[in-house]
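> Show me how the following folds:
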Amino acid sequence: MASATTCLEEPKPALATAFRRPALLPLFALLALPALFAPVAAQAQKTDSPPPQKKDALAFGRAEHLRLGVNLNRWFAAEKNNPDQRRRNNITGDDLRFIRDLGFDHVRLPVDPLRLYAWQRKDAAGTAYIGEIDWIAKEANRLGLAFILDAHPSDEFNKKLPQGGASGESLKNFAALWEALAAHFAHTDPRLVFFEILNEPHQPDQDFNWNMHKLIAGKIRAAAPNHTIIASPGSRKADISGLLDIGKLLPFSNIIYTFHNYRPEVFTHQGANWTTWMPFMEFHYLPYPSTPQNVVKAVDQAGTAKAKALVKQYGEERWDGRRIEREVFAPGEEWSERNGVPVYVGEFGVLNVCVDPAMRAQCIRDMRVAMQKHKLGGAMWAYQSDFGLVKKDARSGKPVADPAIVKALGLAMPPEPR
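Prediction:
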């Protein structure tokens with residue numbers, strides 16, 4: 001993999017390990033270039049507007065435990081070159097305490113379903129894996145942090161799910177896994193342990209995705225009737241447009257619906273080196289907020305016509321906090337109120353590569369302020385990585401947070417221990 005820190009100017013020290021943010025970006029390959037920035041507020045206006053549904057009071061009450069959290073990436077998710085020992089050393093109890101002391105109220109733990117299949121088979125490695133997850137959930141709850149168990153597989157896993165349709169082995173196995181997980185965690189506090197069916201489903205067939213969520217939600221509800229489910233049964237797009245595409249709710253109460261936000265992607269993913277579908281590596285240090293005037297230099301520096309067009313359009317669309325609010329979070333709140341269910345932003349953030357630090361902090365702040373203004377909870381992507389909030393001290397291994405990002409999140413640095 002090419003280095004994500006090859007920048008056109010103002011190079012920064014490389015992070016200890018480059019990290020590929022899982023799964024969201026392949027959706028761009030399906031969109032025409034203008035659609036990358038297409039407003040979604042208008043989409044909400046075009047849909048039928050039935051009378052607001054009765055509010056799901058239990059789900060809204062549970063969502064109060066998910067106001068602002070952080071993703072524990074690089075720990076248990078489906079990543080290559082992630083041996084067990086490195087995973088075990090990645091985040092510790094000290095990290096969970098630090099997260100609590102910063103002022104977060106929950107953590108979202110991405111986990112690899114394939115490793116959990118080993119647990120179902122009673123393999124020793126799988127038993128150890130679920131044991132570590134048990135400890136994380138228990139320790140997080142002990143510290144007062146809510147815990148989301150997020151099935152966060154590889155792209156290959158997602159592609160195999162629809163093979164054979166509703167009766168296919170892939171879906172049957174995944175549904176059986178969730179049934180077993182729900183039974184395993186049924187004894188935990190349902191106010192503080194949440195089940196997220198599938199991260200960024202990316203299923204081409206929207207009907208399959210909805211029916212898959214219905215099947216698995218039913219399995220979970222039967223095994224753990226009191227726990228809250230987090231679901232994304234809309235279109236293959238994981239962003240706000242996918243939420244707005246949900247034509248009908250799942251036939252269960254106590255469900256929180258979710259989407260992710262990385263708009264404006266040209267800014268939040270500039271310098272990303274894992275994409276082939278969008279030329280994010282070709283522009284760096286873009287200005288935020290954007291105007292037609294302040295992107296001129298970046299347009300000239302972009303290497304291809306496609307990259308130049310993306311940057312030019314980014315400037316013309318004048319991305320700032322008001323646009324983020326108008327196109328992402330205001331429609332999210334409106335959808336939530338119309339359907340009587342809470343909405344959760346499972347990921348939001350900005351890649352910390354080839355970006356002006358103050359502008360990165362400003363964009364994250366704008367996302368957080370708009371999200372909270374519109375009564376949506378969410379979790380920053382991520383605790384550590386190229387999108388991260390912290391880095392580990394090389395000598396002590398203790399987490400060191402970026403003060404600007406802590407402030408952007410509306411939090412405060414904890415006092416230094418005496």
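
> what sits against the closest residue to residue 118 other than its chain neighbours?
Of all residues not flanking residue 118 in the chain, residue 126 sits nearest, at 2.9 Å (C-beta to C-beta, 6 or more residues apart in numbering). (C-beta placed from N, C-alpha, C; glycine too.) For residue 126, the contact set (C-beta atoms under 8 Å, 6 or more residues apart in numbering) comprises 115, 116, 117, 118, 119, 120.

> Counting neighbours, which of these end up buried?
Buried positions within the contacts of residue 126, assessed by neighbour count (16 or more other C-beta atoms under 10 Å), are 115, 116, 117, 118, 119.

> is it possible to export the contacts of residue 126 to CSV including distance to residue 285, pLDDT and secondary structure?
What follows is the contacts of residue 126, written out as CSV (distance: C-beta to C-beta, whole Å; pLDDT from 0 to 100; DSSP: H, G, I helix; E, B strand; the rest coil):
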residue, distance to residue 285, pLDDT, secondary structure
115, 38, 91, helix
116, 41, 95, helix
117, 43, 96, helix
118, 44, 94, helix
119, 45, 96, helix
120, 47, 97, helix
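
> Can you pick out the most distant pair from the residues you listed?
By the measure C-beta to C-beta, 115 and 120 form the most distant pair in those, at 10.3 Å.

> Next, the buried residues of stretch 372-379.
Buried-residue list, stretch 372-379, by 16+ other C-beta under 10 Å: 374, 375, 376, 377, 378, 379.

> What is the nearest of those to residue 109?
Checking those one by one against residue 109 (C-beta to C-beta), the nearest turns out to be residue 379, at 10.4 Å.

> Look up the closest residue to that closest one, ignoring the ones flanking it.
residue 69 (3.9 Å).

> looking at it, the one you found is touching residue 381, isn't it?
No - with contact defined as C-beta atoms under 8 Å, residue 69 does not count as touching residue 381 (10.5 Å).

> More neighbours: those two, which one.
More neighbours surround residue 381 than the other of residue 69 and residue 381, with 28 against 25 (other C-beta atoms under 10 Å).

> Model confidence for that one, exactly?
Note on residue 381: pLDDT of 97.

> Over to residue 204?
Residue-level pLDDT assigned to residue 204 equals 89.

> ok but it is inside a helix, no?
No - counting by DSSP: H, G, I helix; E, B strand; the rest coil, residue 204 is not part of a helix but coil.

> got the contact list for it?
Residue 204 neighbours (C-beta under 8 Å, 6+ apart): 162, 236.

> With distance to residue 274 as new columns, can the contacts of residue 126 be given to me in CSV?
CSV is the format used below for those (distance: C-beta to C-beta, whole Å):
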residue, distance to residue 274
115, 22
116, 25
117, 26
118, 27
119, 29
120, 31
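
> any idea which of those is the one closest to residue 280?
Proximity of these to residue 280 (C-beta to C-beta) peaks at residue 115, which lies at 29.9 Å.

> Helix, strand or coil: sort out the residue lying closest to residue 287 once chain neighbours are set aside for me.
Among residues not flanking residue 287 along the chain, residue 294 sits closest, at 4.4 Å (C-beta to C-beta, 6+ apart). Here residue 294 is recorded as coil under three-state DSSP.

> quick one: residue 294 and residue 315 touch, right?
Yes - contact criterion C-beta under 8 Å: residue 294 and residue 315 qualify, at 6.7 Å.

> picking that back up, looking at the contacts of residue 126, spot the one nearest residue 283.
Checking the contacts of residue 126 one by one against residue 283 (C-beta to C-beta), the nearest turns out to be residue 115, at 36.7 Å.

> residue contacts, the residue nearest to the closest one when sequence neighbours are not counted?
Leaving out its chain neighbours, the residue that sits closest to residue 115 by C-beta to C-beta, 6+ apart is residue 129, at 4.9 Å. Contact analysis of residue 129 by C-beta under 8 Å, 6+ apart lists 76, 115, 116, 118, 119.

> closest to residue 167 among these?
Proximity of those to residue 167 (C-beta to C-beta) peaks at residue 116, which lies at 22.0 Å.

> List the residue ranges of the stretch 301-418 of the chain that fall below the pLDDT cut-off.
417-418 (pLDDT under 70).

> any chance you could map the helices in it?
Taking DSSP state H, counting those that start in this stretch, the helices of the stretch 301-418 of the chain run over residues 305-316, 321-324, 330-339, 357-373, 403-408.

> Make TSV out of the ones you listed and add distance to residue 397.
Below are these laid out as TSV (distance: least, C-beta to C-beta, whole Å):
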stretch	distance to residue 397
helix 305-316	39
helix 321-324	35
helix 330-339	38
helix 357-373	24
helix 403-408	20
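
> Return the residues in contact with residue 411.
68, 102, 103, 104.

> of all the residues you listed, which two lie farthest apart?
Using C-beta to C-beta, the pair of those lying farthest apart is 68 and 102, separated by 9.7 Å.

> related to what we said a few turns ago, so which of the buried ones among the contacts of residue 126 comes closest to residue 244?
Lowest distance from residue 244 to the buried ones among the contacts of residue 126 (C-beta to C-beta) belongs to residue 116, with 31.3 Å.

> Contact partners for that closest one?
126, 129, 130, 177, 181.

> Which stretches in the stretch 51-200 of the chain count as helices?
Taking DSSP H, counting those that start in this stretch to define them, one finds helices in the stretch 51-200 of the chain at 57-63, 84-90, 93-102, 113-120, 124-142, 155-160, 169-185.

> between the contacts of residue 411, which has the most around it?
residue 104 (22 neighbours).

> show me the contacts for it.
For residue 104, the contacting residues are 68, 69, 70, 145, 411, by C-beta under 8 Å, 6+ apart.

> change it to 10 Å
Contacts for residue 104 (C-beta atoms under 10 Å, 6 or more residues apart in numbering) come out as 67-70, 96, 98, 145-146, 379-380, 383, 389, 409, 411.

> Let me see the contact set for residue 217.
Residue 217 neighbours (C-beta under 10 Å, 6+ apart): 175, 178, 182, 195, 197, 229, 231, 233, 250-252, 254-255.

> Just put these in a markdown table and tack on neighbour count.
Listed next are the contacts of residue 217 as a markdown table, based on neighbours: other C-beta atoms under 10 Å:
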| residue | neighbour count |
| --- | --- |
| 175 | 19 |
| 178 | 25 |
| 182 | 22 |
| 195 | 23 |
| 197 | 26 |
| 229 | 26 |
| 231 | 27 |
| 233 | 29 |
| 250 | 21 |
| 251 | 9 |
| 252 | 16 |
| 254 | 20 |
| 255 | 25 |
